[in-house]
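> Give me the fold of what follows.
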Amino acid sequence: MVIQRLQSLFLFIAFIALVLSSIFSIYWLIAYKEMAFDGPESGLSGSMMVCQEPCAHWPGISLFALTIIDAIISIVAIFLFKNFRKQKRTIKIAILLSVFLVIGIGLYGYLDPLGGNEEFTTADLIFRLALVPLALVFQIWALCRVKADERLLRSADRIR
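Below is the predicted model of the structure:
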């Protein structure tokens, strides 16, 4: 049976793109808050010391979690090949999550929660940002192929 090969390949490529997006993650660029210690209560005699401590970066963590969930849903959709309805529904959920990811990453880069980080202009970051829309395109292609296979199977059933 030839059905499901191309969409499985598309979903696997989307899975790889999402995993690479989470590995090369822009979400883990750490925001720092400056802490100033001054005076005798800090243990420093009259001098001032400024250190940087990593602080929670919730938008990045939530985008990372959404990327992982989207990757898991994409890989699960490959194994639902026996039920077209469930596979289409699962792929649609993955597409919806990918759209949310693209919007979230766009807002994340636009609002720049890290306070003027220059890394948002580098080619490395553009590569990282291109992986999620690439996964979205492959998920849409997979959905189209599932629909085409469903039509093919229905036409074959009519011939019988």
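> From here on, just use CA atoms for contacts and neighbour counts.
Fine.
> Can you identify each of the strands in the protein by residue range?
32-38, 48-54 (DSSP state E).
> mind listing the helices in the chain by residue range?
Under the criterion DSSP state H, helices of the chain are mapped to 5-23, 58-78, 84-111, 123-159.
> Report all helices and strands that the third one contacts.
Applying 3 or more C-alpha pairs under 8 Å, 6 or more residues apart in numbering; DSSP states H and E, one finds that helix 84-111 contacts helix 58-78, helix 123-159.
> ok so, going back, out of the helices of the chain, deepest packed?
Among the helices of the chain, helix 5-23 has the highest mean neighbour count (mean count of other C-alpha atoms under 10 Å), at a mean of 21.
> Not counting its own residues, what contacts that helix?
64, 67-68, 70-72, 74-75, 77-78, 128-129, 131-132, 134-136, 138-139, 141-143, 145-146 (C-alpha atoms under 8 Å, 6 or more residues apart in numbering).
> Quick one: closest of the helices and strands packed on helix 84-111 to residue 108.
Proximity to residue 108, assessed across the helices and strands packed on helix 84-111 by C-alpha to C-alpha, is greatest for helix 58-78 (7.4 Å).
> State the mean pLDDT of that closest one.
The average pLDDT for helix 58-78 rounds to 88.
> Tabulate the CA atom coordinates of that helix in CSV.
C-alpha atoms of helix 58-78 as CSV (Å, rounded to 0.1, in the frame of the first residue of the first chain):
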residue,chain,number,x,y,z
TRP,A,58,8.5,33.5,30.8
PRO,A,59,7.7,34.4,27.1
GLY,A,60,10.7,32.4,26.0
ILE,A,61,9.9,29.4,28.2
SER,A,62,6.3,29.3,27.0
LEU,A,63,7.4,29.5,23.3
PHE,A,64,9.9,26.7,24.0
ALA,A,65,7.1,24.5,25.5
LEU,A,66,4.8,25.3,22.7
THR,A,67,7.5,24.2,20.2
ILE,A,68,8.0,20.9,22.0
ILE,A,69,4.3,20.2,22.1
ASP,A,70,3.9,21.0,18.4
ALA,A,71,6.8,18.7,17.6
ILE,A,72,5.3,15.9,19.7
ILE,A,73,1.9,16.3,18.0
SER,A,74,3.6,16.2,14.5
ILE,A,75,5.3,13.0,15.3
VAL,A,76,2.2,11.4,16.8
ALA,A,77,0.2,12.3,13.6
ILE,A,78,2.5,10.0,11.6
